[in-house]
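> Got a sequence here, can you model it:
(chains A, B, C and D)
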Number of protein chains: 2
Amino acid sequence: MSGLDSSRPLTARGAATRARIVEAAADLIYGHGVERTSLDDVMAAAGVSKSQLYHYFADKDALVLEVITLQTERAMGAQQPHLGALDSLPALRSWRDAIVRLNKVARIRGCPLGSLASELANDSEEARKRLAASFGMWSDSIERGLAAMRARGTLAPSADPHELAVAVLGAVQGGLLLAKTTRTNRPLELALDMAIDHVARHMTSPPEHPQQRPPPRSRKDR
Amino acid sequence: MSGLDSSRPLTARGAATRARIVEAAADLIYGHGVERTSLDDVMAAAGVSKSQLYHYFADKDALVLEVITLQTERAMGAQQPHLGALDSLPALRSWRDAIVRLNKVARIRGCPLGSLASELANDSEEARKRLAASFGMWSDSIERGLAAMRARGTLAPSADPHELAVAVLGAVQGGLLLAKTTRTNRPLELALDMAIDHVARHMTSPPEHPQQRPPPRSRKDR
DNA sequence: GACGATTTGGACTTGACGGTCCAGTTACGC
DNA sequence: GCGTAACTGGACCGTCAAGTCCAAATCGTC
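Below you'll find the predicted structure:
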């Protein structure tokens, strides 16, 4: 059988090689997409041979599924600590700024998960399910903050944290896609600001007017 | 020289063949993406030979650019008459319903333009530019309606129709992507409702409360 | 130190795929 | 009606790409 099953533990050396392969594949697929990324490209980037690829992965599809998992971890991780504490308007705004900054640092190439979903969702049921789960995790994180706000009474009882979270994530994905296509972060900013205004609208006390948004804070983060 | 340049007019027969090729390519690329759609697939679907492909198109990239143009026309056309008259809340809601319905009819496979943009924007500058122009046309249409509202005084003078339109289109694209990935139109509905609420928020008279949205109108359109 | 499991190297196979080229058929213009 | 341009057919080529397979090297365990 080729491609180790997950029941067999790897040695440290094997685990390191496997991780290097997945990371190399994730980077290449982010820039060019799954179909335009060959296994030879991945081998070259990871510094491994064909046997190693097939030692750790049954086939290219199996590798791609691991890339989805890694990109999900990366996406969730990159948005911390913001994503774990979206329980106020200032917190939502910090998160917004972090996303805008992250996309800029990534050279406005869009969302790794969004790109994977767009490319794979119609053709690979397994990939689609895993990506749906990834988006589910992401919107669940957003929802937890909103639920905390509602529990605290700062979000109206009539507001549905789940639905708000899904709409907010939609704005994120759409903003990232338009930003990627137009090569400017402005659509992402506008979509995120709309989403945050939308949440603000469901708060129990009148939120500050969007145009009176505080000036950008000086930042100490790199 | 292979692939006719646009200065040479085609005969009716040639134009029909060319259109058939582009349409077949558009349908296949919509379902599977550019890279997973081979020229042999397109030939089979269009009922043409390899020489015909290269008679009308210099190469696959040239065909793909024509697909972008066709999908743009299709997308704009499919949203009419709504897209040309988004100058009131009821009109925006009708447009929203049309988009939700269109995505359902398309079996929740997402936005053709969004999928093309996601796949091609990082690797093909020509495709990216053309797709950016397509999104620009789309948001311009939305913007025209909003500008009419502002000219009429129903949208606040402080509202920026351009920015609102870009944010709205972001919601559309993100909603379509999440819908495609989760195989349910709900994310699209939520994203669109958020976008329309966002516009409503900038109206000069208090808009009706979102939860008090009128029940769906009985429809005579097929 | 030996044995065996794990990791690694890379040649090779097979089929797909974009594109080229030669030639036949159709129909358009004069 | 004829000549020719446009359209069409399909064999063929070179390269790419996923995947297979044999074998060597490394290292972990006893």
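
> mind showing which ranges of chain A have poor pLDDT?
In the prediction, chain A carries residues with pLDDT under 70 at positions A:1-3, A:5-8, A:206-222.

> what's the angle from the one helix or strand residue A:115 maps to to helix B:112-120?
For residue A:115, the host element (DSSP states H and E) is helix A:112-120. Orientation note: helix A:112-120 sits at an angle of 110 degrees relative to helix B:112-120 (axes from the mean of the first three to the mean of the last three CA atoms, to 10 degrees).

> what's downstream of the longest helix along chain A, the next helix or strand?
Assignment by DSSP state H gives helix A:125-152 as the longest helix of chain A. With elements assigned by DSSP H and E, the helix or strand that comes after helix A:125-152 is helix A:161-182.

> And that next one, what does it pack against?
Judged by 3 or more CB pairs under 8 Å, 6 or more residues apart in numbering or on different chains; DSSP states H and E, the packing partners of helix A:161-182 are helix A:89-105, helix A:112-120, helix A:125-152, helix A:186-201, helix B:112-120, helix B:125-152, helix B:161-182, helix B:186-201. Glycine gets a C-beta too; all of them are placed from N, C-alpha and C.

> name the helices or strands packed onto the fifth one?
Based on contacts counted as 3+ CB pairs under 8 Å, 6+ apart, the elements that helix B:112-120 packs against are helix A:112-120, helix A:161-182, helix B:12-32, helix B:60-78, helix B:125-152, helix B:161-182.

> Which part of chain A gets nearest to chain B, residue-wise?
Per CB to the nearest CB, residue A:174 is where chain A lies closest to chain B, at 2.7 Å.

> Contacts only, for the residue nearest to that residue when sequence neighbours are not counted.
Among residues not flanking residue A:174 along the chain, residue B:174 sits closest, at 2.7 Å (CB to CB, 6 or more residues apart in numbering or on different chains). By CB atoms under 8 Å, 6 or more residues apart in numbering or on different chains, the contact list for residue B:174 reads A:169, A:170, A:171, A:172, A:173, A:174, A:175, A:176, A:177, A:191, B:187, B:191.

> Pull the number of nearby residues for the first one.
Around residue A:169 sit 27 other residues, with neighbours defined as other CB atoms under 10 Å in any protein chain shown.

> so it makes contact with residue A:136?
No: Residue A:169 is not in contact with residue A:136 according to CB atoms under 8 Å; the separation is 9.6 Å.

> measure the residue nearest to residue A:174 to residue A:143 for me?
Distance of residue B:174 to residue A:143, given as CB to CB, to the nearest Å: 16 Å.

> same check, this time on residue A:56
Residue A:56 sits 35 Å away from residue A:143 when distances are taken as CB to CB.

> So which residues on chain A come close to DNA strand D?
Within chain A, the residues that sit near DNA strand D (CB under 7 Å from any atom of the strand) are A:2, A:11-13, A:36-40, A:50-51, A:54, A:59-61.

> Top of those residues by number of neighbours, please.
Among these, residue A:37 has the most neighbours (other CB under 10 Å), with 24 neighbours.

> if I pick that residue, what's in contact with it?
Taking CB under 8 Å, 6+ apart, we find residue A:37 in contact with A:25, A:28, A:29.

> one more time with 6 Å
Applying CB atoms under 6 Å, 6 or more residues apart in numbering or on different chains, we find residue A:37 in contact with A:28, A:29.

> To which secondary structure element is it assigned?
Secondary structure from DSSP H and E places residue A:37 outside every helix and strand.

> Could you pull up phi and psi at it?
Phi and psi for residue A:37, reported as degrees, to the nearest 10, are phi -110, psi 110.

> which residue sits closest to the spatially most central residue of chain A, ignoring its sequence neighbours?
With distances taken as CA atoms, centre = their mean, the residue of chain A nearest its centroid is residue A:75 (3.7 Å). Closest residue in space to residue A:75, ignoring its immediate chain neighbours: residue A:113 at 5.7 Å, by CB to CB, 6+ apart.

> Look at the one you found and say how many residues are nearby.
Neighbours of residue A:113 (other CB under 10 Å): 24.

> Isn't it up against residue A:134?
Yes: taking CB atoms under 6 Å as the definition, residue A:113 is a contact partner of residue A:134 at 5.4 Å.

> Check the secondary structure at the residue lying closest to residue A:31 once chain neighbours are set aside for me.
Of all residues not flanking residue A:31 in the chain, residue B:122 sits nearest, at 5.8 Å (CB to CB, 6+ apart). Three-state call for residue B:122 (DSSP: H, G, I helix; E, B strand; the rest coil): coil.

> Now do the phi/psi pair for residue B:122.
Main-chain torsions, residue B:122, degrees, to the nearest 10: phi -80, psi -20.

> That one touches residue A:109, doesn't it?
Yes: between residue B:122 and residue A:109 a contact is recorded at 5.5 Å, counting by CB under 6 Å.

> between these two, who's got more neighbours?
Neighbour totals were compared for residue B:122 and residue A:109, and residue B:122 leads with 22 against 16 (other CB under 10 Å).

> how far away is the more buried one from residue A:28?
Distance from residue B:122 to residue A:28, by CB to CB: 11 Å.

> again, but for residue A:94
From residue A:94 to residue A:28 the distance is 31 Å (CB to CB).

> and chain A, what are its domains?
Domain assignment for chain A by automatic domain parsing gives A:12-58, A:67-212.

> Could you count how many residues lie near residue A:152?
Neighbours of residue A:152 under the rule other CB under 10 Å: 11.

> Around chain B, pick out the residues from chain A.
Neighbours of chain B within chain A, by CB under 6 Å from any CB of the partner chain: A:31-33, A:35, A:109, A:114-115, A:117-119, A:121-123, A:131-132, A:135, A:163, A:166-167, A:170-171, A:173-175, A:177-178, A:180-182, A:187, A:190-191, A:194, A:198.

> Buried subset of those, written for PyMOL?
In PyMOL, this line selects whichever of the residues of chain A next to chain B come out buried by 16 or more other CB atoms under 10 Å in any protein chain shown:
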select buried, chain A and resi 31+32+33+35+109+114+115+117+118+119+121+122+131+132+135+163+166+167+170+171+173+174+175+177+178+180+181+182+187+190+191+194+198
